[in-house]
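Participant: Sequence first, predicted model second:
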Amino acid sequence: MLHQAFAFIRRDFQTQSSYRLDFFMQIVGMMISMSIFYFISRILGTAVNPYLQRYHTDYFHFALMGIAFYPFINISSNSLAEAIHEYQHTGTLEVLFLSPTDIFPLLVMSTLWRYCWAFAETMLYLLTAMFIFGANFDWLNIFSAMLIVWLTIFANAGLGLINAGFSLVTKRTSPLARLLGLVTNLLAGVYFPIEVLPDWLRFFSYLLPATYAFEALRRTMLQGTSLVELRPQLLMLIGFAVILLPIGLIAFTYSVRWAKIDGSLSQY
């Protein structure tokens with residue numbers, strides 16, 4: 001299984017690196033995005049400080065943590081569906097189903113490179129912000145941050161399985177994936193503190209795993225908060241995983257069964 005996982009990572013790395021211009025433009029886009037938030041922070045000055053006092057930081061650090069770690073949330077919610085859509089487009093999905101290995105591990109291994117690239121993106125964001133823009137992080141807590149990332153991935157994996165099941169049956173992007181992306185960016189505190197939202201809208205923020213993930217990551221990397229002090233956020237992420245993962249697995253299993261009965265695996 002480990003050999004197969006490495007083979008998938010190597011395949012996807014070779015595919016992505018073969019498109020050198022696209023690879024380069026992704027890095028340039030990251031630099032531009034970071035520069036935009038840096039200069040926005042300079043413009044805002046202390047205007048948003050009342051909302052950032054509990055993080056003991058400025059807007060640049062706050063937004064940086066959002067854009068640096070958001071790829072993990074996006075991938076955990078969408079990567080399985082994207083892998084299925086890619087196999088449908090190339091006409092190789094039915095071949096995967098005929099493999100001696102169960103389809104679910106194969107699809108999971110097809111997403112491993114995306115997580116590797118997300119980790120590289122996150123580190124590039126943090127290191128560039130530190131060396132070029134003078135950002136300060138508590139690097140001693142980087143392993144705690146990675147643990148929070150793993151919990152976040154599991155908390156969102158159930159939604160990712162639901163999206164994958166929808167793509168498998170309909171051969172279209174799940175509307176839940178688009179809605180979830182928009183809602184997460186608006187309500188989960190990616191770009192601004194949720195405290196600026198009206199009370200009635202802030203209520204919905206607490207229904208998103210990402211809200212607790214960003215809160216924990218910011219307190220870990222910007223304040224040096226220990227995992228013990230972050231127990232409420234960690235328990236919420238575990239709770240989302242316990243509730244959503246079984247629902248996602250049931251939905252995905254039902255979708256696989258439906259696609260086999262319908263005989264539409266080779267169609268696109």
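Facilitator: Looks like it came in fine.
Participant: what about Ile142, neighbour count?
Facilitator: 13 (other CB atoms under 10 Å). No exception for glycine: its C-beta is placed from N, CA and C like everyone else's.
Participant: where's it relative to Met123, distance?
Facilitator: From Ile142 across to Met123, the span is 9 Å (CB to CB, to the nearest Å).
Participant: burial count for Pro175?
Facilitator: Pro175: 11 neighbours (other CB under 10 Å).
Participant: if I look at it, how far off is Ala259?
Facilitator: 19 Å.
Participant: buried set for whichever strand or helix holds Thr253?
Facilitator: Secondary structure from DSSP states H and E places Thr253 in helix 231-262. For helix 231-262, burial by neighbour count (16 or more other CB atoms under 10 Å) applies to 233-234, 236-237, 240-241, 244-245, 248-249, 251-252, 255-256, 259.
Participant: and the helix or strand bottoming out on mean pLDDT in the chain, what does it pack onto?
Facilitator: Least confident helix or strand, the chain: helix 93-97 with a mean of 71, by mean pLDDT, DSSP states H and E. If you count contacts as 3 or more CB pairs under 8 Å, 6 or more residues apart in numbering; DSSP states H and E, helix 93-97 packs onto helix 59-90, helix 103-109.
Participant: if you set the cut-off to 6 Å instead, what comes out?
Facilitator: helix 103-109 (3 or more CB pairs under 6 Å, 6 or more residues apart in numbering; DSSP states H and E).
Participant: Just the buried residues of the helix it packs on, please?
Facilitator: For helix 103-109, by 16+ other CB under 10 Å, it's 103, 106-109.
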